[in-house]
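Asker: sequence first, predicted model second:
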Amino acid sequence: MDFEKAPVQAPPPQSPEGCLAVAIRLPVRIVVLVLVVPVRMVWDALVVGGRFLNDTLLRPLGRALLWVGRALFVWPWVALWRYAVVPAGKGLAWLGHALLVVPAVWVYRQVLTPLGRAIAWLVRGVGTGLAWVFGVIGAALGWLIGVIGAGLRWVYARVLTPVGHAIAWVLKGIGAVLAAVGIGIYTGAAWLVRYLVVVPALWIHQYVLTPVGRAIAWVAEGAAWLVRMIFTGIGAVFYWTARILLVLPALAVWRWVLVPVGRVLAVVVREVGEALGHAWRIAGRISLAVGRFLGTLLRWIFVEPVRWVYRTVLTPLGHVVRDTVLRPAAEAARSVGRATRQALTAARESARQARADFRRMLFGTPAEPQAVARREPAAAETRTLGSSTTALTKD
């Protein structure tokens, strides 16, 4: 047994409500309830009427229209497809197979295949002959090219190689002389360029251009600082002017006018919404009570009297009519039916007997059927080598 009680959960903290919400809530809920109750009752009546209309009229009508639509639009096309298009397609497919596929297969097997094999054998033979001819020609050309290549190798080794070596030795000597002359010319030109161009240019850059550039940079930095300070002052003036003339008044209007008005409107809208929901639920309960009252009144005015009349008057009267009228009538009808069936059966037997007597009188008694020997031996007999039971070797 558990002697420790479960800790009770504290309700969630609710936000404190002001006097404005409390003052607005009661009159708003009363007014909204007075306005919403008729609307909710009309809405519930429309819902009930719509459900009754849907169950009793629209759904059977929709099913009937669906059946009529199927009978008029779907079933004829299905029957046309099943009993006309499909058999016609099968017939055309069989006709096409018989008139096109079968002759084409026969022509392919009996004509084109042997003809293709003969052409292939002929082409194979011609190719073999041409290969032998071209092989012979290629061998002769190879021998001739080998002879020419040997002659060219001898000319290269004995004539062109010594001449090339001699020309290379002469060109090496000329190159050495030209290299020595070029080195001297390059050294003199480099000395002249160094002392006539490079040294004066370095002196001008170090003692003329560098001081002038530093002075120009200092003047540019001062001008930039002055322009920056001017624009900073102008921006500060515009900022404080816009802040004092626009931002502070707008902030004051937002803080002291719009926010309180918005809070009041939010409270009003929230209370109106809650009042609408509360009134809608209360109106639903009122409408449910009114509907139950009307249903009970209708039941006691119409249904219960009709049920009482059915149970106390119509049911005993129906039983009396069933026991005194319907059952004797049914028994009489069954008796008449049995008598009629027996009479019809006797009449059919009499007619059948009369036809048999008339047939015997005209054609005589039919001959009795003769027994035919069976193909299989009787149970007491057995098969032997001397006797056969087949139709061809039967004794």
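Answerer: Here it is on my side, so go on. Residues are numbered from 1 along each chain as shown.

Asker: next, count neighbours for residue 287.
Answerer: Neighbourhood size, residue 287 [other Cβ atoms under 10 Å]: 21. C-beta: built from backbone N, CA, C; applies to glycine.

Asker: pretty sure it sits against residue 39.
Answerer: No - with contact defined as Cβ atoms under 8 Å, residue 287 does not reach residue 39; the gap is 10.0 Å.

Asker: give me the pLDDT for residue 219.
Answerer: pLDDT, residue 219: 89.

Asker: which strand or helix spans it?
Answerer: Using DSSP states H and E, residue 219 sits in helix 210-242.

Asker: can you list the weak-confidence ranges in the stretch 201-350 of the chain?
Answerer: Under the criterion pLDDT under 70, no range of the stretch 201-350 of the chain is flagged.

Asker: can you pull out the helices in the stretch 51-200 of the chain?
Answerer: 59-69, 75-80, 86-96, 102-107, 113-155, 161-193, 199-204 (DSSP state H, counting those that start in this stretch).

Asker: which one of these has the lowest average pLDDT?
Answerer: helix 161-193 (a mean of 78).

Asker: how far does it sit from the chain's center?
Answerer: Its chain's C-alpha centre and that of helix 161-193 lie 84 Å apart, by Cα atoms, centre = their mean, to the nearest Å.

Asker: geometric centre of the chain: which residue is closest?
Answerer: residue 74 (26.6 Å; Cα atoms, centre = their mean).

Asker: OK, contacts around that residue?
Answerer: By Cβ atoms under 8 Å, 6 or more residues apart in numbering, residue 74 lies in contact with nothing.

Asker: do you know how far it is from residue 81?
Answerer: Residue 74 is 11 Å from residue 81, where distance means Cβ to Cβ, to the nearest Å.

Asker: with distance to residue 308 and mean neighbour count added, can I get the helices of the stretch 51-200 of the chain in CSV?
Answerer: Listed next are the helices of the stretch 51-200 of the chain as CSV, based on distance: least, Cβ to Cβ, whole Å; neighbours: other Cβ atoms under 10 Å:
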stretch, distance to residue 308, mean neighbour count
helix 59-69, 31, 11
helix 75-80, 50, 11
helix 86-96, 64, 10
helix 102-107, 85, 11
helix 113-155, 98, 10
helix 161-193, 139, 10
helix 199-204, 134, 10
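
Asker: what is the burial count for residue 274?
Answerer: As a burial measure, residue 274 scores 15 neighbours (other Cβ under 10 Å).

Asker: typed the wrong thing, it's residue 210
Answerer: Residue 210: 11 neighbours (other Cβ under 10 Å).

Asker: then residue 265?
Answerer: 10.

Asker: how far does the host helix or strand of it sit from its chain's centre?
Answerer: Using DSSP H and E, residue 265 sits within helix 259-298. When C-alpha coordinates are averaged (Cα atoms, centre = their mean), helix 259-298 and its chain have centres 45 Å apart.

Asker: what is the subsequent helix or strand relative to it?
Answerer: From helix 259-298, the next helix or strand downstream (DSSP H and E) is helix 304-309.

Asker: what residues sit buried inside the following helix or strand past that following helix?
Answerer: Remark: after helix 304-309, the chain's next helix or strand is helix 315-321, criterion DSSP H and E. For helix 315-321, burial by neighbour count (16 or more other Cβ atoms under 10 Å) applies to no residue.
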